[in-house]
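Colleague: A structural model of the following input is requested.
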Amino acid sequence: VDRQALAARCAAVPRPTAVEPPRGETERQLAELWARLLPHAPESRDQDFFALGGNSLLGVRLMSLVRTTLGVDLPLSTLFTHATVAALAEAVRGGPVGRTALVPMSRGDQAPAAYWIHPVGGDVVCYRELAAKLGMPVTGVQVPDGLPPGFLLSELADAYAAAIAQDSVDASAGGGDGGEAPSPGSCPEIRV
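Modeller: Okay, the predicted model is just below:
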């Protein structure tokens, strides 16, 4: 274990400029869950889960705890758009939500934006850390809820192309396993 590198990483955890404690029971419960999982407990309701040492594996554990403790089943991708105690509490209060195809992963002022197609497994959580470091807009494209049983790969590609087309920014394709931005009808009809 490289203790110097670990100490430097731990020291790099951003401190809140103003400490704002959790508001209400839902935020308090979420803050307790975060404190159980994260190497750095949240000091403020507006601190980012990932900046406090969270990662995709801890995110999976957190969402499992949210389901068992608070009774709300949220997709893991919710952490990308609701990465603070305050924002996640808002999502919990809103109730269960379906998994959408597009997941905003990072913001930036550079254009064009990138759309990254999921690897095997259908989820884009694996891209979070890289996307955060690029300083440009990155949107993950994952398998959405609501697909019929036995859907065709071409139907999935068409759904992705439609979702990307509806988004308001230019796209450049990328993917962890050589993926490309799909165009309608571009994939062979393979039953999934």
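
Colleague: where does the protein have its least confident helix or strand?
Modeller: Across the helices and strands of the chain, mean pLDDT, DSSP states H and E gives its lowest value to strand 171-175, namely a mean of 46.

Colleague: Output stretch 41-49 as CSV - backbone C-alpha positions only.
Modeller: The C-alpha trace of stretch 41-49 is given here as CSV (Å, rounded to 0.1, in the frame of the first residue of the first chain):
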residue,chain,number,x,y,z
ALA,A,41,-18.6,11.3,6.1
PRO,A,42,-20.5,14.2,4.6
GLU,A,43,-20.1,17.4,6.7
SER,A,44,-22.7,19.2,4.6
ARG,A,45,-25.8,18.3,2.8
ASP,A,46,-24.4,19.6,-0.5
GLN,A,47,-21.1,17.6,-0.6
ASP,A,48,-20.7,15.2,-3.6
PHE,A,49,-20.9,11.5,-3.0
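
Colleague: Give me the distance between that stretch and the centre of its chain.
Modeller: 17 Å (C-alpha atoms, centre = their mean, to the nearest Å).

Colleague: can I see the domain layout of the protein?
Modeller: When the chain is parsed with automatic domain parsing, its domains come out as 3-94, 102-175.
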